[in-house]
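Peer 1: Task: produce atomic coordinates for the following.
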Amino acid sequence: MVSFDDFVLRDDCPIYSQIIRYVKQGIAAGIIRNQEEIPSRRALSALLGVNPNTIQKAYHILEEEGVIVSRSGAKSFVCANGETVSRIRMELLTGDTELWVNAMKRLGMTREDALKLAEDVWG
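Peer 2: Numbers count the residues shown, from 1 in each chain. Alright, predicted model coming up:
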C-alpha cells in the first residue's frame, strides 16, 4: 500500500496538486511501484485531515493521466509501466528545470553562470 506517512502539507499550492506530485515523485523515484494499492479516498482524507473532495480531485486527475486505475467499489492501484514512469520522470524534471531556469533569469544570471552554479552544486 502506498504510504503517505511522510507527506507534509504546504501552503504554497493546492492540496490536490501536492498529492498528485507526491504520487508522481514516488513513482519516478521507484518508491511507489506498479500495481501498488493506494489508500481509499476516505482513508486518505482522514489521514491527511482534508476534505474528501480534495482527494477525489487528485485521484480523478491521476486517473485521467493514466497514473492510477480505479474501479467502482474496488481498490485503486498505481498503473506505472516503464513508459509511464519515463513520462512522469521527464514531466517532473522538465517542470523543476523550468522553475530553476526562470529563477536564474529573474536574478540576472547568464546561462554560463547558471550552468557553472549547477556544476558546483552537483559536485
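Peer 1: biggest helix in this protein, by residue count?
Peer 2: The helix spanning the most residues in the chain, taking DSSP state H as the definition, is helix 82-106.
Peer 1: So for it, what gets flagged as buried?
Peer 2: Of the residues in helix 82-106, 84, 85, 87, 88, 89, 92, 104 count as buried by neighbour count, 16 or more other Cβ atoms under 10 Å. In this view, the C-beta of every residue, glycine as well, is placed from N, C-alpha and C.
Peer 1: Summarise which helices and strands the helix or strand that it is followed by is packed against.
Peer 2: Scanning forward in sequence from helix 82-106 by DSSP states H and E, the next helix or strand is helix 111-122. For helix 111-122, the packing partners by 3 or more Cβ pairs under 8 Å, 6 or more residues apart in numbering; DSSP states H and E come out as helix 82-106.
Peer 1: Which strands or helices does the helix it packs on pack on?
Peer 2: Helix 82-106 packs on helix 15-29, helix 111-122, going by 3+ Cβ pairs under 8 Å, 6+ apart.
Peer 1: and after the first one, which helix or strand comes next?
Peer 2: To tie it back to what came earlier, the one meant is helix 15-29. Taking DSSP H and E, what comes next after helix 15-29 is strand 37-38.
Peer 1: Which other helices and strands does that following strand contact?
Peer 2: strand 76-78.
Peer 1: ok, back up a step: quick one, the longest helix of the chain and helix 111-122 angle?
Peer 2: 120 degrees (axes from the mean of the first three to the mean of the last three Cα atoms, to 10 degrees).
Peer 1: Average pLDDT for helix 82-106, rounded please.
Peer 2: When pLDDT is averaged over helix 82-106, the result is 96.
Peer 1: now stretch 59-78
Peer 2: pLDDT averaged over stretch 59-78 gives 92.
Peer 1: Just the buried residues of that stretch, please?
Peer 2: So, applying 16+ other Cβ under 10 Å, buried residues of stretch 59-78: 59, 62, 67, 68, 70, 76, 77, 78.
Peer 1: All set now, cheers.
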